[in-house]
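Enquirer: Pasting the sequence and the predicted coordinates here, then a few questions.
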Number of protein chains: 2
Amino acid sequence: MALLRGAWTAEIIWCLSAGPRRFGELRADLPSITAKVLTERLRHLESKGIIQRLPIPTSPPSVEYKLTVIGAKFLPAIHAIAKVGDELKFGMPDSEADLNEY
Amino acid sequence: MALLRGAWTAEIIWCLSAGPRRFGELRADLPSITAKVLTERLRHLESKGIIQRLPIPTSPPSVEYKLTVIGAKFLPAIHAIAKVGDELKFGMPDSEADLNEY
DNA sequence: CAGTATCCATTTCGATACTG
DNA sequence: CAGTATCGAAATGGATACTG
């Protein structure tokens, strides 16, 4: 949890789960994140070894971010979280949810 | 993620996954949480419908907290998170982790 | 036992403006 | 394009002391 801390963190990992992505693409994926916060989160995740930053020396410059092997280990957890989110947002079709009190 | 926000939140749900638990028991489970923060988290989780608070009119008074049906939906996600945590702390025995770059 | 009441430090977020 | 610089607001966390 300490590693997933902070707004957007899980969402960023989610976005990178489909493959490497550039800074601008991440901004587009996360419509309401600011450049400042995105940079903060990316730097944080990088410092924890969860993502890797790869500057590509083109002009204009571009930078790619990708999950590391360590970062990929979070995917099952992120998917599980996303699944709960969906269930709570849309409900489960043909649910038996209320049949068994926990 | 918004619902799991805050330190201790996931740990509290984890503690309640084995069954109802009283305030004092939760404090014992989470050795370094303060009463104030525990109360805050419990009230928050209650307001989101994730746990239920059941005062038991004894003397001295005791209060039980338990997961709601909604709260139980978080368990797969919490377990997945816990699993990653273990992997990162102790490493996977006989790992093939590094064979496939993500 | 199960909390409240204060106070304070730190972290985090967001908006806006600017740059190599 | 991919950031950085500032600033202020808000959320969060922790310590300590007190209570019905």
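Expert: Thanks, I have it.

Enquirer: what's the angle between the helix or strand bottoming out on mean pLDDT in chain A and helix B:75-90?
Expert: Ranking every helix and strand in chain A by mean pLDDT, DSSP states H and E puts helix A:75-90 at the bottom, with a mean of 94. Angle of helix A:75-90 versus helix B:75-90, following axes from the mean of the first three to the mean of the last three Cα atoms, to 10 degrees, is 160 degrees.

Enquirer: Skipping its backbone neighbours, what lies nearest residue A:40 in space?
Expert: Closest residue to residue A:40 apart from its sequence neighbours, by Cβ to Cβ, 6 or more residues apart in numbering or on different chains: residue A:6 at 7.9 Å. (Each C-beta comes from the backbone N, C-alpha and C, glycine too.)

Enquirer: That neighbour: what secondary structure?
Expert: Assigned with DSSP: H, G, I helix; E, B strand; the rest coil, residue A:6 falls in the coil class.

Enquirer: Now for the closest residue to DNA strand C within chain A: which residues touch it?
Expert: Going by Cβ to the nearest atom of the strand, DNA strand C is nearest to residue A:7 of chain A, at 2.9 Å. Shown in contact with residue A:7 (Cβ atoms under 8 Å, 6 or more residues apart in numbering or on different chains): A:37, B:1.

Enquirer: Quick check: residue A:69 vs residue B:83, distance?
Expert: Distance, residue A:69 to residue B:83, by Cβ to Cβ, to the nearest Å: 16 Å.

Enquirer: Perfect, I'm done here.
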